Each structure stands twice: as structure tokens, then as C-alpha cells.
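Q: From the sequence below, what's the structure:
(one chain, ligands or ions: 1)
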Amino acid sequence: VHALVVYESMYGNTHQIAEAITEGLAETFSVTVEPLWRAGEALTGGPELLVVGGPTHVRGLSGVRSRQAAVQQAEEKRLELDGSAPGPGLREWLTQVRPPPQTRWYAAFDTRAAGRAWLTGRAAPKIARTLDRLKLRMLGSPESFLVDKQNQLLPGEVDRARAWGQELARSLVGESR
Ligand SMILES: Cc1cc2nc3c(=O)[nH]c(=O)nc-3n(C[C@H](O)[C@H](O)[C@H](O)COP(=O)(O)O)c2cc1C
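A: This is a model prediction of the structure:
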């Protein structure tokens, strides 16, 4: 099985989580991880599983404005921008993504502030809604990985992401039996 993990990331946290999920999947599958701007090309490789993640902005998917705000906040808070920060963002990408016929499964994740999901909002269910409409089938359920007020991943989140990747691989093996 070939899997593709794609991510949007302004400050690098979602990128780091995407890499850890990839490590988890790689124990069972051949996996590629790419930022959104390279996702189109990577999709032509025909992955069976597509894993999509991004940061939660304004309770949902990032948009052009929230991404601009993120760039401004990076200067104020002295956060370093990820290599993928110039975009595109998930909101634009999801409107035009056309997965190839080999892609039957997806999984969705986000990063968000620690706290109750009904207060913070979550991007992952919104990713899931689009991919459902494209008739892909979801593996597991949308998952969040948490950052603190300084935009640093909470301790243990990278390990949890690796374990989540392992779990996705196991459930896909179960499904395709
Ligand atoms: C403009 C902006 C809006 C945000 N809005 C939310 C929000 O509504 N809920 C939330 O949990 N986190 C919010 N955050 C925090 C982001 O979720 C956090 O920066 C992100 O998960 C870090 O991922 P990254 O390092 O990959 O960009 C916001 C951040 C920015 C920059």
C-alpha cells in the first residue's frame, strides 16, 4: 500500500506532526509526506491512502486572511515560519483537489490550541467533509494534536502522532482484508 501525507503549516507544528504520522505509517506502508504545494504532483503517484492535515484557524480551516494574520503574528511573537507557509492553504486546496481513482481512503488531522474542542474549533472535521464529498472513505476519525499558548506542541504529541499513524496502517490492513 502506498500512502501520501499532505500538510499545511504556518509555524511548523502541523509539519512536525505530519512527519511523525508518516513514521508511524512507514512501519507498514510506503509513504510520502509533502506540503500542499507539492501535493498535486504527489497524488499522480496514485496513493491508496491520503492523509490531510492543517492548523485550526478561526475555529476551522485557514483562509487567505487568517494566513496573513499568522505571518504578522510570527513577527510579533518571534515564531519562525515553516517552509510551506507561503501556501496554498487548505481552504483553497480542498476546493480543487481531484484525487486519482486509486485513492479510496483518507484520514484527517489538525493542530489546535489545547482546550475544549467546542471552544477552540477544529479544522479536521472540515477537511473530512470535503473528502467525504469526493467519495473517499474515512479511516479512523478526525484527530487533533495540541499546541500551547506559545504555539509549541504539548509534550507527547509527536509520539501520539506516530502511534496514530501506526493505528491508521493497522486499520487499513484490516479493511482491505
Ligand atoms: C490567525 C490564527 C487563528 C487561530 N485560530 C485558532 C482557533 O480558532 N482555534 C485554535 O484552536 N487555534 C487557533 N490558532 C492556533 C493554531 O491552531 C496554531 O497556531 C496551529 O495549530 C499551529 O500549527 P502550525 O505550526 O502548523 O501553523 C490560530 C492561529 C492563528 C495564527
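Q: Just the pLDDT for the spatially closest residue to Gln102 that is not a sequence neighbour.
A: Nearest non-adjacent residue to Gln102, counting by Cβ to Cβ, 6 or more residues apart in numbering: Gly46, 3.7 Å away. In this view, the C-beta of every residue, glycine as well, is placed from N, C-alpha and C. Gly46 is assigned 97 on the pLDDT scale.
Q: Let me see the contact set for Gly46.
A: By Cβ atoms under 8 Å, 6 or more residues apart in numbering, the residues touching Gly46 are His2, Pro100, Pro101, Gln102, Thr103.
Q: Could you please name the strands the strand of greatest length in the chain pairs with and the direction of each pair?
A: Criterion DSSP state E: the longest strand present in the chain is strand 105-113. Applying DSSP bridges, strand 105-113 is found paired with strand 49-55 (parallel), strand 137-138 (parallel), strand 143-147 (parallel).
Q: I'd like the ones you listed written out as CSV, with distance to the ligand, mean pLDDT and mean neighbour count added.
A: Below are the strands paired with strand 105-113 laid out as CSV (distance: least, Cβ to the nearest ligand atom, whole Å; pLDDT from 0 to 100; neighbours: other Cβ atoms under 10 Å):
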stretch, distance to the ligand, mean pLDDT, mean neighbour count
strand 49-55, 3, 98, 27
strand 137-138, 21, 98, 12
strand 143-147, 5, 98, 21
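Q: Show me what the mean pLDDT comes to for the longest strand of the chain.
A: The average of the pLDDT scores along strand 105-113 is 98.
Q: do the next helix or strand after that strand and the ligand meet at all?
A: Next helix or strand after strand 105-113 toward the C-terminus (DSSP states H and E): helix 117-120. Yes: using Cβ under 6 Å from any ligand atom, helix 117-120 reaches the ligand at Thr120.
Q: which residues are in contact with the helix or strand that comes right after helix 117-120?
A: Moving toward the C-terminus from helix 117-120, the next helix or strand (DSSP H and E) is helix 124-133. The contact list for helix 124-133, computed with Cβ under 8 Å, 6+ apart, reads 50, 52-54, 60-61, 90, 94-95, 97, 106, 108-110, 138, 142-144.
Q: List the buried residues for helix 124-133?
A: Neighbour counts over helix 124-133 (16 or more other Cβ atoms under 10 Å) mark Ala124, Pro125, Lys126, Ile127, Ala128, Thr130, Leu131 as buried.
Q: Can you tell me the centre-most residue of this structure?
A: Gly53 (1.1 Å; Cα atoms, centre = their mean).
Q: could you list every residue that touches it?
A: Gly53 sits next to 5-8, 14, 17-18, 21, 108-111, 124, 127 when contact means Cβ under 8 Å, 6+ apart.
Q: Perfect, that will be all.
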